[in-house]
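1. Test case, fold it:
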Amino acid sequence: MTDIDDTILDAAIAWHVRQATMDDRGWTDFIAWLEADPRHARAYDVVSMEDAARHPPPIAANDDEDFVAPASHGRWRGFAIAATALAAAVVGTIGMIQQRGAGAAPLEIAATAPRSLTLADGTRIAMASGARMTVGGDRRSAAVESGRVTFRVTHDAGRPFTVRAGDWEIEDVGTIFSVTRGARGVDVGVSEGSVLFDPQNNRIALKAGEALTVLDGQRIVRSRIDPDEARTLVFSGEPIRFAAETIALVLGRDVRADDRVAAMPFTGVVRLTGDAPRDMAHFAELTGMRVSHDGGSWIIAPSAGPAR
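-> Numbering: from 1, shown residues only. The predicted structure follows:
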């Protein structure tokens, strides 16, 4: 980090802040800036990680120390104040969830902002903004309707905690894991412990550092979660459309393949960091395609000619 001066760091912060309102030309300029100097990418990584530290998947206020986010960088102290206000607003909701006794009716929860709750058995749940889920009345089951939800389960061998996502079921074996449900499929990633995916049929065991993505109810992609939370996906001749849909589910972004390239086979290893601009630039480099940002969507298109 010693070769990253304040000018570069300030530019990285400016790019990060601009992303919420950047147009297609802005994204093109940003990718060009990233590639112009290795220090730019390193500085942007620092900025992204600092922002993630201040806006982590939120966990209940009484969580264990290993769920506490790192301290914020000094120049972003103002954002930390806003995060503190959000945490205070969540506390009341947590209390209401904990007070509901066993045998209560299933509870539907929609997160219009990042939200966390603790169940009566000590299981903790963090919902990303936009996620929807239902918690079973017995507090040992949940159903993810949409979006990303992370579970830290209090294990009980006699009463395993189960999560449904569409037609799929995930059974806890003492673990921290996330479930993302999108329009085309389901993604499961295990940070600690293990889970059984589809325990009644396929019984696929996922251990810490492993992940699985299912698309269209049948295609399964196994992947790895690196210690820095990056995801490594391996494709062997799958259509670009399938790769795009898998990346979309993992990133939680809208990623589409142009009709002209959708059926083209792709073989390669894609490492996703969670930073969509960098990850999509990486995918473009691997495939020789052109990737553009159009409104809320990332479009993978031929290297020459307009996206459509």
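2. where in the chain is pLDDT low?
-> Of all residues in the chain, those with pLDDT under 70 make up the ranges 1-3, 19-28, 45, 48-105, 137-139, 227-229, 305-308.
3. now for the longest strand along it, which elements pack on it?
-> Longest strand in the chain by number of residues (criterion: DSSP state E): strand 141-152. Where contact means 3 or more CB pairs under 8 Å, 6 or more residues apart in numbering; DSSP states H and E, strand 141-152 is packed against strand 124-127, strand 132-135, strand 162-165, strand 176-181. Every C-beta, even on glycine, is put in place using the N, C-alpha and C of the backbone.
4. The closest residue to D37 other than its chain neighbours - how many residues pack around it?
-> Distances taken as CB to CB, 6 or more residues apart in numbering place I8 nearest to D37, at 7.7 Å, with adjacent residues excluded. Using other CB atoms under 10 Å, I8 is surrounded by 17 other residues.
5. State the phi and psi torsions of I8.
-> Here is the backbone geometry of I8 (degrees, to the nearest 10): phi -70, psi -40.
6. and if you look at S297?
-> According to degrees, to the nearest 10, S297 has phi -120, psi 150.
7. Per the annotation, how does the chain divide into domains?
-> 104-225, 231-308 (automatic domain parsing).
8. out of the helices and strands packed on strand 141-152, nearest to H40?
-> strand 176-181 (29.8 Å; CB to CB).
9. picking up where we left off before, isn't the residue nearest to D37 up against Y44?
-> No: if you go by CB atoms under 8 Å, I8 and Y44 don't touch, sitting 9.2 Å apart.
10. Identify each buried residue in stretch 293-308, please.
-> Within stretch 293-308, the residues that count as buried by 16 or more other CB atoms under 10 Å are 293, 298-301, 307.
11. Check stretch 162-181 too.
-> For stretch 162-181, by 16+ other CB under 10 Å, it's 162-165, 168-173, 175-181.
12. quick one: contacts of that stretch?
-> Stretch 162-181 is contacted by residues 140-153, 155, 160-161, 186-200, 206, 208, 214, 217, 249-250, 252 when judged by CB atoms under 8 Å, 6 or more residues apart in numbering.
13. Pull out the buried members of these.
-> For the contacts of stretch 162-181, buried by 16+ other CB under 10 Å: 140-153, 160-161, 186-190, 193-199, 206, 214, 249-250, 252.
14. And for W33, the neighbour number?
-> The burial count for W33: 16, using other CB under 10 Å.
15. That one against H40, yeah?
-> Yes: between W33 and H40 there is a contact at 5.7 Å, judged by CB under 8 Å.
16. Show me the common contact partners of the two, please.
-> With CB under 8 Å, 6+ apart, W33 and H40 have common neighbours A11.
17. what separates the residue lying closest to E192 once chain neighbours are set aside from I8, distance-wise?
-> With sequence-adjacent residues excluded and distances taken as CB to CB, 6+ apart, E192 is closest to I176, at 4.1 Å. I176 sits 35 Å away from I8, going by CB to CB, to the nearest Å.
18. which residues of the stretch 151-300 of the chain fall in strands?
-> 162-165, 168-172, 176-181, 185-192, 194-197, 204-207, 210-215, 219-225, 231-239, 254-257, 265-272, 290-294, 297-301 (DSSP state E, counting those that start in this stretch).
19. Is H282 in contact with R271, as I believe?
-> Yes: in this structure, H282 is within contact of R271 by CB under 8 Å, at 7.0 Å.
20. List the contacts of the residue nearest to D37.
-> 37, 39-40, 43.
21. again, only using 10 Å
-> 37, 39-40, 42-44, 46 (CB atoms under 10 Å, 6 or more residues apart in numbering).
22. Buried by neighbour count, from those: which ones?
-> 40, 43-44, 46.
23. Specify which member of those is nearest to P277.
-> Y44 (8.6 Å).
24. Can you classify that closest one as helix, strand or coil?
-> Following DSSP: H, G, I helix; E, B strand; the rest coil, we place Y44 in the helix state.
25. May I ask which helix or strand encompasses the residue nearest to it when sequence neighbours are not counted?
-> Closest residue to Y44 apart from its sequence neighbours, by CB to CB, 6+ apart: A12 at 4.5 Å. If you go by DSSP states H and E, A12 is part of helix 6-18.
26. and stretch 295-308, how far out from the chain's middle?
-> Taking CA atoms, centre = their mean, to the nearest Å, one finds stretch 295-308 lying 23 Å from the centre of the chain it belongs to.
27. Residues touching that stretch, excluding its own?
-> 23-24, 27, 240-241, 243-244, 247-248, 251, 253-262, 264, 266, 276-277, 279-280, 283-284, 287-294.
28. End to end on stretch 184-201, go ahead and measure it.
-> Using CA to CA, to the nearest Å, the end-to-end distance of stretch 184-201 comes to 21 Å.
29. go on, stretch 106-118?
-> Stretch 106-118: ends 15 Å apart by CA to CA.
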